[in-house]
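K.L.:
return a 3D structure for these sequence lines:
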Amino acid sequence: MNPGLEKIASAVEVAGSRTPSVVLETFLPEMPELFGLKLRKFRLGQYLALERLGHPFVLAAGGQQVEVTRWDFATALYVMATPSADVFAAIESGRVKAAICELADRAELADFEEGTKTLLAHIERALSPLMPMKSTAGGQKKTADSGGP
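P.N.:
The predicted structure is shown next:
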């Protein structure tokens, strides 16, 4: 069997009746790396930095349809690879654009689309416990882990 298919089969078996996050964790490590930069765990500091910068990932995480530019990608990469205190210091000093450009010099333009998906998945995974899951019938969706059916 193809090694990729074996991973998928294993993830489905492990997931059982649990949420898709178990499957996601199989294919997207807790702390993915992009362009040689290890992404930090998405925490309140990163969320506040993205919010302060008016970043579309904050809107996307809230369920809105957004268009992500290359600048947005570079900004999110900077926020996710840098301690939040350093990000806010750069914002306050007016150096945030230069800091984003320094980091963006490491990213290949051809990898923009795949990198954007990785960043969004990383952020969505962190925010998913805070967002209610809705069923198509309109009621709250329950999972086996939460005591539901």
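K.L.:
just give me the longest helix of this structure.
P.N.:
helix 112-127 (DSSP state H).
K.L.:
show the backbone phi and psi for Arg95.
P.N.:
In terms of degrees, to the nearest 10, the main-chain angles of Arg95 are phi -100, psi 10.
K.L.:
tell me how far it lies from Glu113.
P.N.:
Distance of Arg95 to Glu113, given as Cβ to Cβ, to the nearest Å: 28 Å. The way it works is simple: take the backbone N, C-alpha and C, and place the C-beta from them, glycine included.
K.L.:
show me which helix or strand of the protein is least confident by mean pLDDT.
P.N.:
Least confident element among the helices and strands of the chain, by mean pLDDT, DSSP states H and E: helix 21-27 (a mean of 53).
K.L.:
what about the closest residue to Ala107 other than its chain neighbours, distance to Leu103?
P.N.:
Nearest non-adjacent residue to Ala107, counting by Cβ to Cβ, 6 or more residues apart in numbering: Phe35, 4.7 Å away. Per Cβ to Cβ, Phe35 is found 9 Å from Leu103.
K.L.:
more neighbours: those two, which one.
P.N.:
Leu103 (18 against 14; other Cβ atoms under 10 Å).
K.L.:
secondary structure element for that one?
P.N.:
helix 96-104 (DSSP states H and E).
K.L.:
what of Leu48?
P.N.:
For Leu48, the host element (DSSP H and E) is helix 44-52.
K.L.:
export that helix to CSV, keeping only CA atoms.
P.N.:
C-alpha atoms of helix 44-52 as CSV (Å, rounded to 0.1, in the frame of the first residue of the first chain):
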residue,chain,number,x,y,z
LEU,A,44,-3.8,35.0,22.6
GLY,A,45,-0.7,37.1,21.9
GLN,A,46,-0.6,36.1,18.3
TYR,A,47,-4.3,36.6,17.9
LEU,A,48,-4.1,40.1,19.4
ALA,A,49,-1.2,41.0,17.1
LEU,A,50,-3.1,39.8,14.0
GLU,A,51,-6.2,41.7,15.3
ARG,A,52,-4.1,44.8,15.9
